[in-house]
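Asks: Okay, sequence plus prediction incoming.
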Amino acid sequence: MSRIRLTLATALVGMAALTACSSGGDGSAPADGTQKKKEDKPAAAPRPITEELSQAHLSQALLGDGETLPGWTLHDDKSVTDGQYCNGTKGADSAPAGWLRGSDASYEYNGSTIDMTHIHICLFKTAEDAHRQYVAWKGTETSKQQSPKVPVGDENTLVVNPGLSEDSVYGYVRSGKVNIRVRTEGGTAGDPSGTQAVLAATLKRLQELQEGKAATVTAPDEQAAARQ
């Protein structure tokens, strides 16, 4: 009788061990009984502008009323840019090599043209063509140039009070084969963050359009994100 009891007890112990192994998997479950979540993969960085975007795309990328920083509104309509205005050479009266098309817009502050912002988008055939004009655009005043706190694109520079200007910030970005220039003239108080927010928003809108999406990014969005 005792031998039967011993055999039954041994069988029960074996069954309990098998049950524990099957329910615990590898036996490394957390003490609180919860399962570990898989780590979220970081979002893929937007790819550079590589497509030959249409004139309509360039125009849509320009910020409209309600998409600029507070107080700024469109001054007249968005325009098709003549090639010479995408040429970084001073006094140039012709389009630079490799230029395809461009679009621009101007903005006034609180209904006044005393302070103005101007955005130019210039599309080129190749990234090399765009790079040459980016370098020419940003100039050689290295003492006035600074890198943004949150840079965008392949190349990104801010120039505070270029030349003999006062209370102005010029910003430049190149992404693939597109250049964007933002000139903020007045109302900056030496703070380039607003110019950078406009640059970043314009580029990200181009990237949205390149992906077949609507242009939704705004300058306030970018300024708020940079402050976090």
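Replies: Alright, I've got the coordinates.
Asks: Name the single longest strand found in the chain.
Replies: Longest strand in the chain by number of residues (criterion: DSSP state E): strand 112-124.
Asks: so after it, what's the next helix or strand?
Replies: Once strand 112-124 ends, the next helix or strand along the chain (criterion: DSSP states H and E) is helix 127-138.
Asks: buried sites along that following helix?
Replies: In terms of neighbour count (16 or more other CB atoms under 10 Å), helix 127-138 has its buried residues at 127, 129-134, 136-138. (Glycine included, C-beta is placed from N, CA and C.)
Asks: what's the answer for stretch 63-73, then?
Replies: Buried-residue list, stretch 63-73, by 16+ other CB under 10 Å: 63, 67-69, 72.
Asks: can you redo the residues you listed as TSV with pLDDT, distance to residue 91 and secondary structure?
Replies: Listed next are these as TSV, based on pLDDT from 0 to 100; distance: CB to CB, whole Å; DSSP: H, G, I helix; E, B strand; the rest coil:
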residue	pLDDT	distance to residue 91	secondary structure
63	98	29	coil
67	98	33	coil
68	96	30	coil
69	96	32	coil
72	96	29	strand
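Asks: Take the residues you listed and lay them out in CSV including distance to residue 89.
Replies: What follows is those, written out as CSV (distance: CB to CB, whole Å):
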residue, distance to residue 89
63, 27
67, 32
68, 29
69, 31
72, 29
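Asks: Sort out which one of those lies nearest residue 163 for me.
Replies: residue 72 (23.0 Å; CB to CB).
Asks: List the beta-bridge partners for the closest residue in space to the closest one that isn't next to it in sequence.
Replies: Leaving aside its chain neighbours, residue 72 sits nearest to residue 107 (4.6 Å; criterion: CB to CB, 6 or more residues apart in numbering). Counting by DSSP bridges, residue 107 is bridged to residue 74, residue 117.
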